[in-house]
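*Asks:* Sequence first, then the predicted structure, then my questions.
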Amino acid sequence: MSKGDFELYRYKPEIGASILFTVLFALAAVVFVFLLIHYSVKSRRTVASLVRSQPTLRYYGIVNLAGAYIPFIFGSFVEFLGFAFRCKSSRDTTLLNPYIIQTVFLLVSPTLYAASIYMIFGRMASLLFAENLMIMPARFNTTIFVIGDVGSLLLQAAGGAMMSKISSASSGSHLVTAGLFIQIAFFGVFIINEFLFIFKMTKKPTTISVRSSSWKSLNIALLVDSFLILIRSIVRAVEFIQGYDGQIASHEWFLYIFDALPMFLLVLSFTVAFPFNNIFTIQEESVQAQKSARFDKDAYTKVDMASVEEDIVFKE
């Protein structure tokens, strides 16, 4: 393809769909921020009253607990900005900067969602005293997945920016593909981890988990969201393998059906389910169970307490 023949899009972008998803992601992000603030404050008061008379219980500080949702919020705003710049790019398909921004932002936003999923899962396992049910040591479990996620994000971001130039388009596509395969690999392992966690916890529950009614539904929600990201990443990987003239890259509806829609369903599920099913609820149930259950602490010495994430409060 010569420089004169180069086109940023292989189709005429549909501005109506871009506007729709711009509005949807913006609304969902704003609503979720309000929900997070409300339940963070509410949970802080509840947990503070529970641990006041017994400060040796295991629990997270509210900032560390709420922090698990921060990448999710950033991801939602990145999606919003991605589609906002896509609107601008759709109005004038010759503008390079809006095209680069929307390409990069829509590529990397799922990695931010993935980071929140990893962090929420790790906190949930620790609050249930179930770190020994993970594939990897609890001390490194979340860190390893997040590192893989960051690596995937950087490769996709760099590759997406490079694809706007003819001279580096091929190299950029290879970088994006590599980033997507890293994401797929880590998510594949993580999904196995989630399945094994449910199976092992059901077969041999902890004293805390049997007194928590929310962990299963939260884990299933995280599992469904993981599959949404995995499916999206597989389709995007196929897109870049096919190349610029491939079936997926040449038809805009693939972007909306296999990227925008799954990611909005993920955001919607987080937002709608949050009042009923969140990590704050798990923590409250865990603290209440620790206070009421006469569990034998020796049973938990099998869990390497040094491997518990550093931002957990736990004292003998």
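*Replies:* Here it is on my side, so go on. Numbers count the residues shown, from 1 in each chain.
*Asks:* For the stretch 151-300 of the chain, which residues score under the pLDDT cut-off?
*Replies:* 164, 293-300 (pLDDT under 70).
*Asks:* As a check, name the ranges of all strands in the protein.
*Replies:* Along the chain, counting by DSSP state E, strands occupy 59-60, 312-313.
*Asks:* So which bits of the longest helix anywhere in the chain are buried?
*Replies:* Determined from DSSP state H, the single longest helix within the chain is helix 15-51. Buried residues in helix 15-51, counting neighbours by 16 or more other CB atoms under 10 Å, are found at 17-18, 20-22, 24-26, 28-29, 31-32, 35-36, 39-40, 43-44, 46-47, 50-51. C-betas here are computed from N, CA, C, even on glycine.
*Asks:* what's the model's confidence in it, averaged?
*Replies:* Helix 15-51 carries an average pLDDT of 94.
*Asks:* For it, which helices and strands make contact with it?
*Replies:* Using 3 or more CB pairs under 8 Å, 6 or more residues apart in numbering; DSSP states H and E, the elements in contact with helix 15-51 are helix 62-66, helix 70-91, helix 261-273, helix 279-292.
*Asks:* Save the ones you listed as CSV, and put in mean neighbour count and distance to F197 too.
*Replies:* Converted to CSV, the helices and strands packed on helix 15-51 look like this (neighbours: other CB atoms under 10 Å; distance: least, CB to CB, whole Å):
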stretch, mean neighbour count, distance to F197
helix 62-66, 18, 19
helix 70-91, 22, 20
helix 261-273, 19, 19
helix 279-292, 21, 13
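*Asks:* give me the number of residues near F274?
*Replies:* F274 is flanked by 20 other residues according to other CB atoms under 10 Å.
*Asks:* measure the spatially closest residue to it that is not a sequence neighbour to F270 for me?
*Replies:* If the residues on either side of it in the chain are set aside, F274 comes closest to L35, at 5.0 Å by CB to CB, 6 or more residues apart in numbering. Per CB to CB, to the nearest Å, L35 is found 9 Å from F270.
*Asks:* Same question for A28.
*Replies:* 8 Å.
*Asks:* for S212, same thing?
*Replies:* 20 Å.
*Asks:* repeat for S116
*Replies:* 8 Å.
*Asks:* any shared contact partners between the two?
*Replies:* F72 (CB atoms under 8 Å, 6 or more residues apart in numbering).
*Asks:* Flag whichever of the strands of the chain has the least confidence on average.
*Replies:* Among the strands of the chain, strand 312-313 scores lowest, at a mean of 46.
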